[in-house]
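Asker: Below is the sequence, then the predicted model.
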Amino acid sequence: MAFCSSKFSLGAMLYSLMIYFLASEYWFVDANSTLIVNSTHTDSAKPISNTFLGVFLEEINHACAGGLWAELVSNRGFEAGGPNNTLNIYPWTVIGNGSSISVSIHHISCFHHNKAALKMKVRCGGKNSCPGGVGISNPGYWGMNIEQGKKYKVVYHVKTKGKIDFQLSFAGVHVIKGASNITKISRDEKWKRVETIVEAKATNHNSSLQITTTTKGTYLLDQVSVMPLDTHMGHGFRKDLYQMVADLKPKFLRFPGGTYVEGDYLKNQYRWKETIGSWEERPGHFNDIWNYWSDDAIGYFDYLQLAEDLGTLPIWVFNAGISHHGEVNTTDIAPYVQDALDGIEFARGSPTSKWGSIRAAMGHPKPFDLRYVAVGNEDCNYANYQGNYLKFHAAIRFAYPHIKIISNCDASNKPLNHPADLFEYHTYTNSSDLFSQSTQFNHTSRSGPKAFVSEYAVWREDAANGSLLAAVAEAAFLIGLEKNSDIVEMVSYAPLFSNINDRKWVPDAIVFDSYKVYGTPSYWVQKLFIESSGATLLDSTLNTNSSNKLIASAIIWKNSTEKKNYLKIKVVNFGNTIENLNISINGLNPNVLQFDSISTVLTSPNAMDENSFLEPNKVVPKTSPPLKVYKDMNVILSSYSVTSLEFSI
């Protein structure tokens, strides 16, 4: 496979040969443990949900602003300082000294929802020349990635009494201007929208946008944007980060949070209606949970579009009238309920409906396939959640009887006291505890709603920045969820993304900067479970006389392209010693003496090994070439490893 390094190829070959010889009828090894798999569909076989494995995207660690959303300008509307800001223009900087230029923030923009604009007084010009020009510069999100041969659309809005005499440039990069146009803003003809296409003649991964002038005068600037033209399908998503998500083949996309939905205070909650429409009119808001400004460039519409591009189902999480420091009383929750109904209509309504028509005007007349909504996030222990939830449930069930409604309250140990289609289960813990949670749903009531394990991960000390140890424990947890697939309908790791310059929460599945990206071991574990969605869990029995650190599962899945069935066995060794496992597959056609096998192993010499920009493939699955093996085989399991054996049957 593409991620197999040449350094490992010899080791992978030796491992494959070891399995081959141990599997042959001429080789016998005493095993520490045995795994017996019934390959036929017995009464104990379980169908795994078609929506089993998905992803959860939250605006945390600059996952979207400065990440998946390809916009290069940070604080493009000068709103980040808040409604009373007059001086703070971070991260913008001034080009020139105080005698030649001064800047300040004034709330006099032409945009109704974005009143902040930058006022720039240029004192030089004419006889008092401005060598090289003066103006402002924006570094983007820890450096703009400008690449040779690529084109970028630069947009800014300007108001001035004289002519517009601005020069656009990128630090360290020469650009050639292509198409350019200037249009008047209808509600104030003194405001003009300037749009220019530029092509980079060199590459600079740490560039910055510069807007300068040599002409004396007073200028107002607002809504400055730099967007690459080669985003995914032109929808604004950074291609390499989009592909990392697409490669997981997620069956659902949960968005936009997370605690991001709630806000630390209700005034900073996520409001979907303020995230739709033209990007210039989106006011943005302070992400007070993760302490940075979000311009809401990736808004409700864009999340829905992302789910559609991924070919997956959207799961919308909306605010239930609760933040970390505030609650809306149930008697006052009606506006929130209506807001949720409006949001569903925006996604699902006909193009002639009130909110569906706004979606259609944004270029998507066809309704989005919204089938799931979650009422709040981690709110179950708040005083008003139960009452608020019931109001949401009644209204949504009446208006949209087929939408599945998700409760925040955990029912893995005791039944819910309110109606729901699914309940959420979140866990962030150490590796040993998560390994033990592989049995969390063994005794959950099968008569109630299904489980949605919407956030899970190993974190803190033994996770470091994304260790093998954490990934192996997570694999064991996922096997436990597979084995309880009759009650567990969905599962997603969290967080999905992290900009390495803003790692407020670690570890994460995907780490990136302005131009590089890698997956942590936790990311690669998820890839090993892709085929679980829609598969059949087979009856299997693991017996061990040496360790309680093993867990295994077996599934049959069908390749829709090849129309072939595959048997896949996954085994986790969470111990610090090598294990010898004998695998016996019952129920095969007696005329079939041997069959093709592919072995994939995730392990590393040290349990705390991590991936990084310097070594992005240090801990990734290594796959051996196909081999012929018999139905009885012996496999050596490395310490702290995840082994996947796949057979074409």
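Answerer: Everything's here; your move. Residues are numbered from 1 along each chain as shown.
Asker: And the strands in the stretch 51-200 of the chain?
Answerer: 55-56, 93-95, 101-111, 114-122, 134-138, 144-146, 151-160, 167-170, 175-185, 188-200 (DSSP state E, counting those that start in this stretch).
Asker: Mind telling me which of the ones you listed the model trusts least?
Answerer: Between the strands of the stretch 51-200 of the chain, the one with the least mean pLDDT is strand 175-185; it has a mean of 81.
Asker: Which of the strands of the stretch 51-200 of the chain sits closest to Asn329?
Answerer: Asn329 lies closest to strand 55-56 among these, at 29.5 Å (Cβ to Cβ). Quick note: C-beta positions are derived from backbone N, CA and C, even for glycine.
Asker: I would like the residues contacting that closest one, please.
Answerer: With Cβ atoms under 8 Å, 6 or more residues apart in numbering as the test, strand 55-56 has contacts from 245, 248, 250, 252-255, 258, 312, 454-455, 492-496.
Asker: which one among the residues you listed gets closest to Gly67?
Answerer: Distances from Gly67 to those, taken by Cβ to Cβ, are shortest for Leu496, at 9.7 Å.
Asker: Report how many residues lie close to that closest one.
Answerer: 28 (other Cβ atoms under 10 Å).
Asker: circling back: okay, and which of the contacts of strand 55-56 map to strands?
Answerer: Using DSSP state E, the subset of these located in strands is 252-255, 454-455.
Asker: can you list the residues you listed in a markdown table and add pLDDT, distance to Gly98 and neighbour count?
Answerer: Shown next, in a markdown table, are the ones in strands among the contacts of strand 55-56 (pLDDT from 0 to 100; distance: Cβ to Cβ, whole Å; neighbours: other Cβ atoms under 10 Å):
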| residue | pLDDT | distance to Gly98 | neighbour count |
| --- | --- | --- | --- |
| Phe252 | 98 | 54 | 27 |
| Leu253 | 98 | 49 | 24 |
| Arg254 | 98 | 49 | 31 |
| Phe255 | 98 | 45 | 28 |
| Ser454 | 98 | 52 | 27 |
| Glu455 | 98 | 49 | 21 |
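Asker: Put together JSON lines for those, with distance to Ser624 on each row.
Answerer: Below are those laid out as JSON lines (distance: Cβ to Cβ, whole Å):
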{"residue": "Phe252", "distance to Ser624": "32"}
{"residue": "Leu253", "distance to Ser624": "33"}
{"residue": "Arg254", "distance to Ser624": "35"}
{"residue": "Phe255", "distance to Ser624": "37"}
{"residue": "Ser454", "distance to Ser624": "34"}
{"residue": "Glu455", "distance to Ser624": "34"}
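Asker: Looking at the residues you listed, which one is closest to Ile101?
Answerer: Nearest member of these to Ile101, counting by Cβ to Cβ, is Phe255, at 41.4 Å.
Asker: so what's that closest one bridging to?
Answerer: Counting by DSSP bridges, Phe255 is bridged to Trp316.
Asker: Would you check that it makes contact with Gln305?
Answerer: No - counting by Cβ atoms under 8 Å, Gln305 is not a contact partner of Phe255; they are 11.1 Å apart.
Asker: ranges for the strands of the stretch 201-350 of the chain?
Answerer: Assigned strands in the stretch 201-350 of the chain, in chain order: 204-207, 209-213, 217-228, 252-255, 285-287, 292-294, 313-318, 322-323, 326-327 (criterion: DSSP E, counting those that start in this stretch).
Asker: can you give me the helices for the protein?
Answerer: In the chain, the helices defined using DSSP state H lie at 6-23, 239-246, 259-262, 300-310, 334-348, 354-361, 385-399, 431-436, 468-483, 521-528.
Asker: Tell me how far the shortest one lies from the chain's centre.
Answerer: Pointing back at helix 259-262 there. 15 Å (Cα atoms, centre = their mean, to the nearest Å).
Asker: Not counting its own residues, what contacts that helix?
Answerer: Counting by Cβ under 8 Å, 6+ apart, residues outside helix 259-262 touching it are 58-60, 269-270, 287, 289-290, 317-319, 322-324, 376-379.
Asker: could you give me the average pLDDT of it?
Answerer: 98.
Asker: which parts of it are buried?
Answerer: For helix 259-262, a neighbour-count test (16 or more other Cβ atoms under 10 Å) marks 259-262 as buried.
Asker: lowest-pLDDT helix or strand in this protein?
Answerer: For the chain, counting by mean pLDDT, DSSP states H and E, helix 6-23 ranks last in confidence among helices and strands (a mean of 40).
Asker: Gly162 is in contact with Thr215, correct?
Answerer: Yes - using Cβ under 8 Å, Thr215 makes contact with Gly162 at a distance of 6.8 Å.
Asker: So if I had to pick from those two, which one is more boxed in?
Answerer: Between Thr215 and Gly162, counting by other Cβ under 10 Å, Thr215 is the more crowded of the two (18 against 10).
Asker: gap between the more buried one and Pro256?
Answerer: 43 Å (Cβ to Cβ, to the nearest Å).
Asker: Can I get the buried ones among the contacts of helix 259-262 as something I can paste into ChimeraX?
Answerer: Buried subset of the contacts of helix 259-262, written as a ChimeraX selection, criterion 16+ other Cβ under 10 Å:
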select :58,59,60,269,270,287,289,290,317,318,319,322,323,324,376,377,378,379
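Asker: Distance check, Ser432 against Gln338.
Answerer: 46 Å.
Asker: now swap in Gly140 and tell me
Answerer: Counting by Cβ to Cβ, the gap from Gly140 to Gln338 is 38 Å.
Asker: for Thr331, same thing?
Answerer: Counting by Cβ to Cβ - Thr331 and Gln338 are separated by 15 Å.
Asker: Let me see the contact set for Thr603.
Answerer: Contacts for Thr603 (Cβ under 8 Å, 6+ apart) come out as 468, 619, 638-642.
Asker: Okay, now the unreliable bits of this structure?
Answerer: For the chain, residues meeting the criterion pLDDT under 70 lie at 1-31, 41-42, 186-189, 589-595.
Asker: go again using 50 as the cut-off
Answerer: Scanning the chain with the threshold set as pLDDT under 50 gives 1-29, 593.
Asker: related to what we said a few turns ago, between Ser432 and Gln338, tell me which one has more neighbours.
Answerer: The neighbour count for Ser432 versus Gln338, taken as other Cβ under 10 Å, is higher for Ser432 (14 against 11).
Asker: Tell me, how many residues neighbour the closest residue to that one other than its chain neighbours?
Answerer: Closest residue to Ser432 apart from its sequence neighbours, by Cβ to Cβ, 6 or more residues apart in numbering: Ala473 at 7.3 Å. Counted by other Cβ under 10 Å, the residues lying close to Ala473 total 30.
Asker: Pretty sure Ala473 sits against Tyr428.
Answerer: No - contact between Ala473 and Tyr428 fails when scored by Cβ under 8 Å: they sit 12.0 Å apart.
Asker: so Asn499 bridges to which residues?
Answerer: With DSSP bridges as the rule, Asn499 is bridged to Phe512.
Asker: typo on my end, it should be Asn559
Answerer: Under DSSP bridges, the beta-bridge partners of Asn559 are Lys564.
Asker: pretty sure it is touching Tyr566, no?
Answerer: Yes - contact criterion Cβ under 8 Å: Asn559 and Tyr566 qualify, at 6.5 Å.
Asker: Which of those two has more residues huddled nearby?
Answerer: Tyr566 (18 against 11).
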